[in-house]
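Trainee: A predicted structure for the sequence below; I have some questions about it.
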Amino acid sequence: MPLLKLDHVKKAFGSLLALDDIELSVNKGEVLGIVGPNGSGKTTLLNVISGYYHSSGGEVLYKGRKISGMRPDQIARMGIIRTFQQNIVYWDTVTLENVYRTCYLTAKTNYWQSFFNTPAWVKENKELWAKASEIVQLFGLGDFSFSLAQGLPHGKQRSLGMAMALAADPDVLLLDEPLAGMDAYEMEIVLANIKKIIERGVTIILVEHNIKTVLSLCPRIIVLNFGHKIADGSGQEVLKRQDVIEAYLGVE
Ligand code: ADP
Ligand code: MG
């Protein structure tokens, strides 16, 4: 059974069909790239998977269970995490605590146990701080552990956003143009971060404009054009196709 399955998914905005009959299966551990021209439906696809938009037709299944119709927070709890360009929640809080607060969302002990500081909570809380610290190190943010999020350099803020996404223990991570607006140095850092997440076995769906990045990270790529999936395969297979070249790269 695929981890994630889109079955004839449609999304309409008025008379515009942003997604038209999308069929897609993603297996556990896959790193899938989504490319396509501006306005082809890439962001809409991530929004439909993560529950930010309700599909207008078809179904999204996760581990065989229908998730279309659920709220974004319910879907996130099930393990599908979408990152936003700016998903740092607490600007006036230091890096380590930002990551800790996301780790806290995964805590097994309940609120009242933490309120009364029960032994179970004390133990788990210690583990959550250790986990936060490990993730902060993993993303090269160790020197900024006690710096306020709002004062971090741009590239470090993006790294923090990804560190927080990983802290939520995702099974599936949806990344929407994580390199947008970055200079070459920042890009390198974020690329390294994405590779670290891949190494952890997280299933990734990556929307990215830069075709070279997609080719280097994603063994499988789908191409969207006007809401249709026009290709699905390895980079080599996809780039061979004339319709893809015309749609995405432009005819030269
Ligand atoms: P991409 O991410 O590939 O650039 P989008 O998924 O953002 O494309 O958009 C696909 C199409 O749907 C575009 O024509 C866009 O204008 C339209 N669209 C996206 N979101 C909305 C919305 N909330 N309301 C109306 N139209 C939208
Ligand atoms: Mg987009």
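Mentor: Good, I have the coordinates. Residues are numbered from 1 along each chain as shown. Ligands and ions are numbered 1, 2, ... in the order given.

Trainee: If I look at the residue lying closest to residue 66 once chain neighbours are set aside, what pLDDT would I see?
Mentor: Nearest non-adjacent residue to residue 66, counting by CB to CB, 6 or more residues apart in numbering: residue 59, 5.5 Å away. Heads up, the C-betas are built off the backbone N, CA and C, glycines and all. The confidence metric pLDDT takes the value 98 at residue 59.

Trainee: Now stretch 239-246: buried residues?
Mentor: 239, 244 (16 or more other CB atoms under 10 Å).

Trainee: which residues sit against it?
Mentor: Outside stretch 239-246, the residues that touch it by CB atoms under 8 Å, 6 or more residues apart in numbering are 223, 225, 230-231, 238, 251.

Trainee: pLDDT weak spots in the stretch 1-150 of the chain?
Mentor: 84-88 (pLDDT under 70).

Trainee: residues from it in reach of ligand 2?
Mentor: 42-43 (CB under 5 Å from the ion).

Trainee: those strands in the protein, which residues are they?
Mentor: For the chain, the strands defined by DSSP state E occupy 4-13, 16-26, 31-35, 57-62, 65-66, 80-82, 172-176, 203-207, 220-225, 228-233.

Trainee: Redo those strands as JSON lines? Include mean neighbour count.
Mentor: Formatted as JSON lines, the strands of the chain follow (neighbours: other CB atoms under 10 Å):
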{"stretch": "strand 4-13", "mean neighbour count": "18"}
{"stretch": "strand 16-26", "mean neighbour count": "18"}
{"stretch": "strand 31-35", "mean neighbour count": "24"}
{"stretch": "strand 57-62", "mean neighbour count": "18"}
{"stretch": "strand 65-66", "mean neighbour count": "10"}
{"stretch": "strand 80-82", "mean neighbour count": "24"}
{"stretch": "strand 172-176", "mean neighbour count": "23"}
{"stretch": "strand 203-207", "mean neighbour count": "22"}
{"stretch": "strand 220-225", "mean neighbour count": "22"}
{"stretch": "strand 228-233", "mean neighbour count": "18"}
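
Trainee: ok, back up a step: what's the closest of the contacts of stretch 239-246 to residue 14?
Mentor: residue 225 (19.9 Å; CB to CB).

Trainee: Provide a list of residues in contact with the closest one.
Mentor: Applying CB under 8 Å, 6+ apart, the residues contacting residue 225 are 36-37, 40, 243, 247-248.

Trainee: Among those residues, which lie within helices?
Mentor: residue 243 (DSSP state H).

Trainee: Write a ChimeraX command that selects only the buried members of the contacts of residue 225.
Mentor: Applying 16+ other CB under 10 Å to these, the buried members can be selected in ChimeraX as follows:
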select :36,37,40,247,248
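
Trainee: can you pull the buried residues of stretch 183-195?
Mentor: For stretch 183-195, by 16+ other CB under 10 Å, it's 186-187, 189-191, 193-194.

Trainee: swap in stretch 115-128?
Mentor: Neighbour count says stretch 115-128 has 121, 124-125, 128 buried, by 16+ other CB under 10 Å.

Trainee: Out of those, which comes closest to ligand 1?
Mentor: residue 128 (34.7 Å; CB to the nearest ligand atom).

Trainee: thought that closest one was touching residue 105?
Mentor: No - judged on CB atoms under 8 Å, residue 128 makes no contact with residue 105 at a distance of 9.8 Å.

Trainee: On the strand side of things, show who the residue nearest in space to the middle of the chain bridges to.
Mentor: Nearest to the mean C-alpha position of the chain, by CA atoms, centre = their mean, lies residue 174 at 2.2 Å. Judged by DSSP bridges, the bridge partners of residue 174 are residue 82, residue 205.
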